[in-house]
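Trainee: Need a 3D model of the sequence below.
(2 chains)
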Protein chains: 2
Amino acid sequence: MEKMIYLDHAATSWPKPPAVGEAMMHALEFAGANPGRGSHRMAVQASRVLFETRKEIAKLFAVNNPNDISFGSNTTEALNLAIQGALRQGDHVIATMAEHNSVRRPLEFLRMQGKIEVDYVPVDASGVIELKKMEHMFRKNTRLVVCTHSSNLLGSILPIGEIAQLCRKHGSILLVDAAQSAGILPIDVQQLGIDMLAFPGHKGLLGPQGTGGLYIAPELDIQPLLHGGTGSQSEALEQPKVRPDRYEAGTPNTVGIAGLGAGVKHVLGMTPSRIYQHEWQLTQRIMEGLSSIKGIRMLGPDIGQPRTGLVSFVVEGYDAAQLAFRLDRNYGIAVRSGFHCTPLAHESAGTTGTGAVRASVGYNSTQGQVDQLIRAVTELTKVN
Amino acid sequence: MEKMIYLDHAATSWPKPPAVGEAMMHALEFAGANPGRGSHRMAVQASRVLFETRKEIAKLFAVNNPNDISFGSNTTEALNLAIQGALRQGDHVIATMAEHNSVRRPLEFLRMQGKIEVDYVPVDASGVIELKKMEHMFRKNTRLVVCTHSSNLLGSILPIGEIAQLCRKHGSILLVDAAQSAGILPIDVQQLGIDMLAFPGHKGLLGPQGTGGLYIAPELDIQPLLHGGTGSQSEALEQPKVRPDRYEAGTPNTVGIAGLGAGVKHVLGMTPSRIYQHEWQLTQRIMEGLSSIKGIRMLGPDIGQPRTGLVSFVVEGYDAAQLAFRLDRNYGIAVRSGFHCTPLAHESAGTTGTGAVRASVGYNSTQGQVDQLIRAVTELTKVN
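Mentor: Residues are numbered from 1 along each chain as shown, chains lettered A, B, ... in the order given. I've put the predicted structure just below:
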């Protein structure tokens, strides 16, 4: 697979910085014990790995106390913890049509159980929401607003700061899904007014799969999703109140979290704003390059507008899955086709019937790779 | 840490077979994409990693269809999925006093919410339960029986086959916590009559931390714990019915699961019965060696009786935590002290006030290591 052109960073970043694998192997060898469950040196070493990574992530998101960040296996787990943990019988929730199934499905699960009510703010074809429409949806019992920071189909960036102001005004909690933005867009949870932030470890933070987490503001207490051993307060019937133990039952993924720490260090070194600039320039190049193809329609914001590092498109007369398959087989270019777990965003984009091809760039993508994508799509849509 | 004598295998096995780290690095490099979320070759490769590991685990537990095994981040997640997913308003549950907090806390959480009722079968000091007492606890609404296969404090082995017969008779589901037995005791889910089996990846299966899973019998449908993207049926509001997708929302820990596959292969090569024999002989050696120490009390089954690879003990006049600390500092021996997340088992053993020191052996432990433990404990309890 040496020659593969990897343009599927929105699913998982690849390859990882070499320090990630090194940190994982080091942890497997020297911090292989169970953190927080023993006082012997290797267990202490394992606890340190967790704390170091927590500290790096706290730095990235301007979190005061690293213990307000709890680790989980992916963004989905973090979102389920936030949603299932914060909501009570009779609550109302506002979400957007740009949400991923990892937001929509837990909400719909609670709704179908008769526990909550949900409204979804419409998103237009370029991925923008009307704040006015959102504001009208607030009710007295609106406990939670869930919003993706950036659409995983459209690449649009949602106005988190302004949404946070609405939440403050109406006394609602703001949960942000940073699946596509963590490590790429600047996120200062205090400045933006984010109460809970769910993030993946394996995308923009450059860590391995199996990692992710949730920031929960210190004044907010939600129910844990997992109940079990924490190595602390063993005799108590309930999960301990102390963080991060409260939200981290069971043996953590020490090795993965070691890799995540190395990934976040890499991000902090490059700085998210430089990564964003780099990715933005590449998406603009893709859009310009593809724009001359007959029958192409690119989803999301126009050229020149802010977007995260992905471009989704459909070409009239061409099946998205076929196109993606041929890009892989004939050109060694890895992109993604299908519905990207976000059916309502496809409704907004008018691609419910067809799906779309999504090319997504990362910290290490190059102009050359992007040019090869443009050339390949151009060729494939000339000869059917 | 080259000279460390690691006797904390009941927390996490260490070191792993070299193939585990190799498989992880290989997956990080060549199967780094998002399994089930794309059709490009690397995503297919990632799906294959998951399927291969599922197949090996199915072989180990005599599961017909590997897709009846779903992966999660640890045993705690598997137990929470099983318990929270199977129980409904008004259900009654029977568990034992040998259960870990990863069973007790989710049960108590549901009980305190007014959703379920729970009874705990007493365990005597050697870790044995009276089946008669358990049988008397069954009610018409006993939906679930939860039982650890082997106590993580006492090392006793519970009669799963006989408990399964009681469950059949009373129409109850049997959930077994295999945290201390997977890879060590023979487990044939069909022959034993186990409906759900929760297992860790990072203990007896020799995989990395961050892995574990749940077997769910094909005829049993429980609620998912996590709702979100599965890469399949994106347009559906609910989790798909198809397994393993139903119970595996979000990006899986591909790298960790690759390592787990290598671990399970190692176990299948050695065979659990040989691993058990090896560990049993070492525990007998520990018990004989420690038995001459004045004031020592070893918990769990007597010498000569079946037990998994751990020996917990207290020495009159010596603090368990101090003893463990000195074993590490003065002798480089890693054991665990404290309550091991199992307060009710300490009640049974009469060690609620003191905690205990637990030495636990693994597939790669040696007689020489065990002899050093005996010598060290003997010395430390001679001079205070």
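Trainee: Could you list the low-confidence segments of the stretch 1-150 of chain A?
Mentor: Counting by pLDDT under 70, the stretch 1-150 of chain A shows low-confidence ranges at A:1-2, A:38.
Trainee: where does the stretch 251-384 of chain A have low pLDDT?
Mentor: For the stretch 251-384 of chain A, the ranges with pLDDT under 70 are A:383-384.
Trainee: Next one: the residue nearest in space to the middle of chain A from chain B, what distance?
Mentor: Computing the C-alpha centroid of chain A and ranking residues by C-alpha atoms, centre = their mean puts A:Ala179 first, at 0.6 Å. Computed as C-beta to the nearest C-beta, to the nearest Å, the A:Ala179 to chain B distance reads 10 Å. Heads up, the C-betas are built off the backbone N, CA and C, glycines and all.
Trainee: So for stretch A:53-69, what gets flagged as buried?
Mentor: A:53-54, A:56-58, A:60-61, A:63, A:66-69 (16 or more other C-beta atoms under 10 Å in any protein chain shown).
Trainee: Let me know the closest of those to chain B.
Mentor: A:Thr53 (12.9 Å; C-beta to the nearest C-beta).
Trainee: Tell me how far the closest residue to that closest one other than its chain neighbours lies from A:Ile163.
Mentor: Distance criterion C-beta to C-beta, 6 or more residues apart in numbering or on different chains; nearest residue to A:Thr53, sequence neighbours excluded, is A:Gly261 at 3.5 Å. To A:Ile163, A:Gly261 is 30 Å away according to C-beta to C-beta, to the nearest Å.
Trainee: ditto for A:Ile333
Mentor: Shown here: A:Ile333 relative to A:Ile163, a distance of 36 Å by C-beta to C-beta.
Trainee: swap in A:Leu60?
Mentor: From A:Leu60 to A:Ile163 the distance is 21 Å (C-beta to C-beta).
Trainee: do the same with A:Gly72
Mentor: According to C-beta to C-beta, A:Gly72 stands 24 Å off from A:Ile163.
Trainee: for A:Arg297, same thing?
Mentor: Note on A:Arg297: its distance to A:Ile163, by C-beta to C-beta, is 28 Å.
Trainee: So which of these two has more stuff around it?
Mentor: A:Ile163 (25 against 17; other C-beta atoms under 10 Å in any protein chain shown).
Trainee: okay, A:Leu158: pLDDT?
Mentor: We have a pLDDT of 97 for A:Leu158.
Trainee: Give me the phi and psi for it.
Mentor: Backbone torsions for A:Leu158, taken as degrees, to the nearest 10, come to phi -90, psi 150.
Trainee: For A:Leu81, give me its contacts.
Mentor: A:Leu81 makes contacts with A:70, A:72, A:214, A:222, A:224-225, A:247, as judged by C-beta atoms under 8 Å, 6 or more residues apart in numbering or on different chains.
Trainee: which element is it on?
Mentor: If you go by DSSP states H and E, A:Leu81 is part of helix A:75-86.
Trainee: Same check on A:Val118?
Mentor: Here A:Val118, judged by DSSP H and E, is contained in strand A:116-121.
Trainee: quick one: that strand to helix A:75-86, angle?
Mentor: Angle, strand A:116-121 to helix A:75-86, by axes from the mean of the first three to the mean of the last three C-alpha atoms, to 10 degrees: 130 degrees.
Trainee: which outside residues touch the following helix or strand past strand A:116-121?
Mentor: Following strand A:116-121 in sequence order, the next helix or strand is helix A:131-137 (DSSP H and E). Contact with helix A:131-137 is made by A:94, A:96, A:119, A:121-122, A:145, A:159, A:162-163, A:166, as judged by C-beta under 8 Å, 6+ apart.
Trainee: tell me which residues in helix A:131-137 are buried?
Mentor: Applying 16+ other C-beta under 10 Å to helix A:131-137 flags A:134, A:137 as buried.
Trainee: from the contacts of A:Leu81, which would you call buried?
Mentor: A:70, A:72, A:214, A:222, A:224-225, A:247.
Trainee: For chain B, see how far away the closest residue to A:Arg143 other than its chain neighbours is.
Mentor: Excluding the flanking residues, the one nearest A:Arg143 by C-beta to C-beta, 6+ apart is A:Asp91, at 4.1 Å. Separation of A:Asp91 from chain B (C-beta to the nearest C-beta): 16 Å.
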